[in-house]
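> need coordinates for the below:
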Amino acid sequence: MKLDRIELYLDADSSHSARAQRLVSLLKELRKKWMIEYAVISTGQLSNEDIERIGIEIRSIPPQVRGRIVSSRHNVLPLSRTKRLNLSNTPIILMRKKSLPVDVYPHLLGTKYFSPEDSLEKILRVGPADFLEARGMLEEPLLKIIADHPDSLEEGMTFLDANLKTDVGVVDAVMKDRLGNLVVVEAETSAKDSSVAQVCRLSAGYAKSINIPPDKIRKIIVCVSYEGQLAATCEGSNVELYRLEFRRVI
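Have a look, this model is predicted:
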């Protein structure tokens, strides 16, 4: 599956100009690297009929893909509580294949919040095909397993937090080992060399946010599968790699 087009919807009068610049920059990088066309559309270009149509298209995306899309007290999402486009509070990314909507950001899938920036950064990193194949549908259950059973990774491991925002992105999970060391976890359906760079970047960002040296934090990738020489890359970067496996009991 290949993305044909990514649409960025903005409210020109909102206070999201810095975010808008970042999103447009990411879209330009995506077009250059992955040849994905994009459009930037402001509220002034939308008629009432357009606004209604876009809302219907967003709601037409399967719930198992787009999760929750209606804003609540704790999460700013594409639709307001009255089911109107929520552009005064957030930019909206709508992804299309053959003109049909296939995904929207931000959204809340399970307990994990996916921002517009997160989605574009991940496509840039792994490519549109791999992004659409995973789209968080498996990564969210992975995070739930980690949160509910942290000792499945290591005896004495405890879960602290999930979806922790830093200046450089969102940390999937933060844990603490039995010696009191903090652990940053990156959950990936199919991990690649780029996953190593991601967990290192997020770990450094988290260390900065709590004012401790980066080398005081353990870095872990949890995946279902991995590609290439990832184990060697992890070893060379002081990153631990865990793969989810099922074993027959009887």
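> and the strands in the chain?
Assigned by DSSP state E, the strands in the chain fall at 5-10, 37-42, 92-97, 100-105, 107-109, 112-114, 158-166, 169-176, 182-191, 217-226, 240-243.
> make CSV out of these and add mean pLDDT.
As requested, these are exported to CSV (pLDDT from 0 to 100):
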stretch, mean pLDDT
strand 5-10, 97
strand 37-42, 96
strand 92-97, 96
strand 100-105, 94
strand 107-109, 88
strand 112-114, 85
strand 158-166, 85
strand 169-176, 90
strand 182-191, 92
strand 217-226, 95
strand 240-243, 96
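> just send those back as TSV, with mean neighbour count and distance to residue 65 too.
All C-beta atoms are positioned from the backbone trio N, CA, C, and that covers glycine. Converted to TSV, these look like this (neighbours: other CB atoms under 10 Å; distance: least, CB to CB, whole Å):
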stretch	mean neighbour count	distance to residue 65
strand 5-10	21	15
strand 37-42	15	20
strand 92-97	22	10
strand 100-105	20	6
strand 107-109	23	8
strand 112-114	22	11
strand 158-166	15	18
strand 169-176	20	19
strand 182-191	23	14
strand 217-226	20	18
strand 240-243	16	25
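> possible to save the ones you listed as a markdown table with distance to residue 145?
Converted to a markdown table, the strands of the chain look like this (distance: least, CB to CB, whole Å):
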| stretch | distance to residue 145 |
| --- | --- |
| strand 5-10 | 31 |
| strand 37-42 | 35 |
| strand 92-97 | 27 |
| strand 100-105 | 24 |
| strand 107-109 | 15 |
| strand 112-114 | 13 |
| strand 158-166 | 11 |
| strand 169-176 | 10 |
| strand 182-191 | 9 |
| strand 217-226 | 9 |
| strand 240-243 | 11 |
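> for residue 77, which of those is the nearest?
Taking CB to CB, strand 107-109 is the member of the strands of the chain nearest to residue 77, at 6.4 Å.
> what packs against the closest one?
strand 112-114 (3 or more CB pairs under 8 Å, 6 or more residues apart in numbering; DSSP states H and E).
> packing partners of the strand it packs on?
If you count contacts as 3+ CB pairs under 8 Å, 6+ apart, strand 112-114 packs onto strand 107-109, helix 139-148, strand 158-166.
> tabulate those (a markdown table), appending distance to residue 186.
Output for those, formatted as a markdown table (distance: least, CB to CB, whole Å):
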| stretch | distance to residue 186 |
| --- | --- |
| strand 107-109 | 17 |
| helix 139-148 | 9 |
| strand 158-166 | 12 |
